[in-house]
Every structure is written in structure tokens, then in C-alpha cells.
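[1] the following block contains a protein sequence and its predicted model.
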Amino acid sequence: MLRTRVEAGDDRLAQLAAGRGAVGFANLDADLYVSTIIVFEALFSRCMHRRGTVFSFDELFGTREILNHEWRALNEATKARGITFKFVSFARTPRSRFARAAVQIEECGAGCPRCDAV
């Protein structure tokens, strides 16, 4: 298991993406669109995701402004590569403006021939 905190412009993202393994689970607490899309691009462009990979978000839904960040990045990145996902969890508490959610990759897109390899 690899646990790291990666921020936009951080060279640790390049180091992570240079690995040969698949990502089975990623907890994304990037909050902002730019940070989230950088992570998705690094992972998806190298086919580091697999069918069954889970991405967990702490602030996927909420206000209109929130929808312009992690949710937008998830949708743009998956649509651009033909990746499909389904929701596997969703939680919203009355005291928060935000909702947590997790999605699971169903199809990896045509550009990733190793989709089933875990």
C-alpha cells in the first residue's frame, strides 16, 4: 500500500505515476479542479486504473461551486478516455454543506488493454 499526499506541481505525482502497479483505491482530498484533474490525468494516461478501482472523495457534491471541482474533474477525465464508473457509496450529514462519495471503475476505456489485470 502506498500512502502519499500529492499536491499540484508536486514532483511526487510524477514519481507515483512512474510506477508500474495498478491503483486499487485512491482517496482524493484535492478539493480543487486543477489538483484533481492532474491526478486523474497522471493515472488514466498511464492506465494505472483497473476495472474495480475505487476513487473516494470527501467533497464530491454540495454547493454549485463544489460541483466545479472534484465532480467536474471526475466527469471530464472519465468522459475524455471512455471510462465508466458507478457510485458505491454516498454520505451527506446535516451539519455539512458537502457530500462524500466513492465511485468504482466499470470500464477502463479503449486505450487501456490491461483493464482486467489487478
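    Yep, that arrived. Numbering: from 1, shown residues only.

[2] packing partners for the longest helix seen in the chain?
    Among the segments of the chain that qualify as a helix by DSSP state H, the longest is helix 33-45. With contacts defined as 3 or more C-beta pairs under 8 Å, 6 or more residues apart in numbering; DSSP states H and E, helix 33-45 has these neighbours: helix 11-17, strand 25-28, helix 72-81. From N, CA and C alone the C-beta is placed, and that goes for glycine too.

[3] poorly predicted segments of this structure, please.
    Low-confidence segments of the chain, defined by pLDDT under 70: 1-20, 116-118.

[4] and if we set it to 50?
    Within the chain, the stretches with pLDDT under 50 are 1-2, 118.

[5] tell me who's in contact with the nearest residue to residue 26 once chain neighbours are set aside.
    Spatial nearest neighbour of residue 26, chain neighbours left out: residue 55 (5.3 Å); criterion: C-beta to C-beta, 6 or more residues apart in numbering. With contacts defined as C-beta atoms under 8 Å, 6 or more residues apart in numbering, the neighbours of residue 55 are 25, 26, 28, 74, 85, 102, 103, 104, 105.

[6] so residue 55 versus residue 39, what's the distance?
    Taking C-beta to C-beta, to the nearest Å as the measure, residue 55 falls 9 Å from residue 39.

[7] check the contact lists of those two and give me the overlap.
    Contacts common to residue 55 and residue 39, judged by C-beta under 8 Å, 6+ apart, are 26, 28.

[8] how about residue 111, secondary structure?
    What DSSP: H, G, I helix; E, B strand; the rest coil gives for residue 111 is coil.

[9] verify the stated contact: it with residue 46.
    No. With contact defined as C-beta atoms under 8 Å, residue 111 does not count as touching residue 46 (10.4 Å).
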